[in-house]
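1. I need the structure of the sequence given here:
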Amino acid sequence: MSYNFIDSTENYKFKHSFFAIEINSKKEEKEFTAYLGAAEIPFETKIINSRIFFIFHELDFLHAREEWEHYLKDKQQKKKTGFEKITKTAYLIYNAVIISLLLSLFHIILQKKGLVSNYLNAGAANNFKIVSGEFLRTASALTLHGDFNHLLSNVIAIMAFAPLLTKETGSGWGWILILFSGIFGNFLNALFHLLFNSQPHLSIGASTSVFGILGILASIRIQSGLKSENKMRDAFLVPLLALLGLFAIMGISGKNTDIFAHVFGMLSGVLLGVFLIKYNIKRNNTLFQSLCWMVFFLIIFLSWVVLL
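-> Next up is the predicted model:
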């Protein structure tokens, strides 16, 4: 949109030809001013009938128009990027909600059908049976909960922490790591009780995987901290204090809390976190993430099919 203004800007002489770019808001005025300042293009702003215009001399027409198009392109890209971030975050939260709903539905069905004791006998992490060859119990036990409060605490933790992890790893691969941190945690817990207790020990609940999430997040923090100048603080002190703090809050509450399952779940998470280095490049690979989701559900499904 071109205009001829008889009043000049301070940069040019009286009665020269000027053109104007109309903007829509004070925010655009502030943002476009920054672009013009960086490009060192002289201008003046005017309000005409409540409409805001940037006024330029005709000699700056091409340069100013180029900056305006650049500004509009960047603005559109930021809007698109912002929408994609919101969509991605919503998707990761949605995944955690779906997993939580499936755990809740499974628990409700067992309660309603009176099958809790049968499934506990078939799928709980029994240390003697796991070591004897029923390794799939380490997976099935993650889906079982003693009561509603037990279930609720794990569901809340999953929805709080799982999206933080899957944001770093991609959804499918993140849940594979969560599942295997629980599986390895239950296996190590079974070995521990067999070697040092020699008594039958049962463990159920998703909390082993929940602490696996915390361990994986700590591993990510350690790996990024090793690249900083203050390696001791950023790679070890901060993650250690965070883990100890969360463990003190979540890991030792409740009379039936299996503390060692939490410890081994967290340890498994830290160790599994090193695989992020190898597979993190596939975080945006849709095929890889989809295959991971298939493996995730297949392991849980097969564990119950075999055990029942």
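2. how about low-confidence regions in the stretch 101-250 of the chain?
-> 225-250 (pLDDT under 70).
3. Spell out, range by range, the helices that occur in it.
-> Secondary structure of the stretch 101-250 of the chain (DSSP state H, counting those that start in this stretch): helices located at 116-123, 127-131, 137-140, 148-169, 171-196, 207-225, 231, 238-246.
4. Any idea how far the third one is from the middle of the chain?
-> Centroid displacement of helix 137-140 relative to its chain, using Cα atoms, centre = their mean, to the nearest Å, is 25 Å.
5. repeat for the longest one
-> Taking the mean of its C-alpha atoms, helix 171-196 sits 21 Å from the chain's own mean (Cα atoms, centre = their mean).
6. could you check the angle helix 148-169 makes with it?
-> Per axes from the mean of the first three to the mean of the last three Cα atoms, to 10 degrees, the angle that helix 171-196 makes with helix 148-169 is 130 degrees.
7. angle of helix 171-196 against helix 207-225?
-> Using the same axes, to 10 degrees, helix 171-196 lies at 110 degrees relative to helix 207-225.
8. Can you mark which positions in helix 171-196 are buried?
-> Residues of helix 171-196 classed as buried: 171-190, 192-194 (neighbour count, 16 or more other Cβ atoms under 10 Å). Backbone N, C-alpha and C define where each C-beta goes, glycine included.
9. returning to that earlier point: okay, the helices of the stretch 101-250 of the chain in CSV with distance to Ile23 next?
-> Below are the helices of the stretch 101-250 of the chain laid out as CSV (distance: least, Cβ to Cβ, whole Å):
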stretch, distance to Ile23
helix 116-123, 64
helix 127-131, 68
helix 137-140, 59
helix 148-169, 35
helix 171-196, 40
helix 207-225, 41
helix 231, 48
helix 238-246, 45
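10. closest to Val305 out of those helices?
-> helix 137-140 (10.0 Å; Cβ to Cβ).
11. List the contacts of stretch 125-144.
-> Here stretch 125-144 makes contact (Cβ atoms under 8 Å, 6 or more residues apart in numbering) with 103, 106-107, 119-120, 122-124, 179, 182-184, 186-187, 189-191, 193-194, 200-206, 208-209, 261, 299-300, 302-304, 306-307.
12. residues touching Gly215, list them.
-> Contacts of Gly215 by Cβ under 8 Å, 6+ apart are 181, 243, 265-273.
13. go on, Cys292?
-> With Cβ under 8 Å, 6+ apart, Cys292 has these contacts: 170-173, 175-176.
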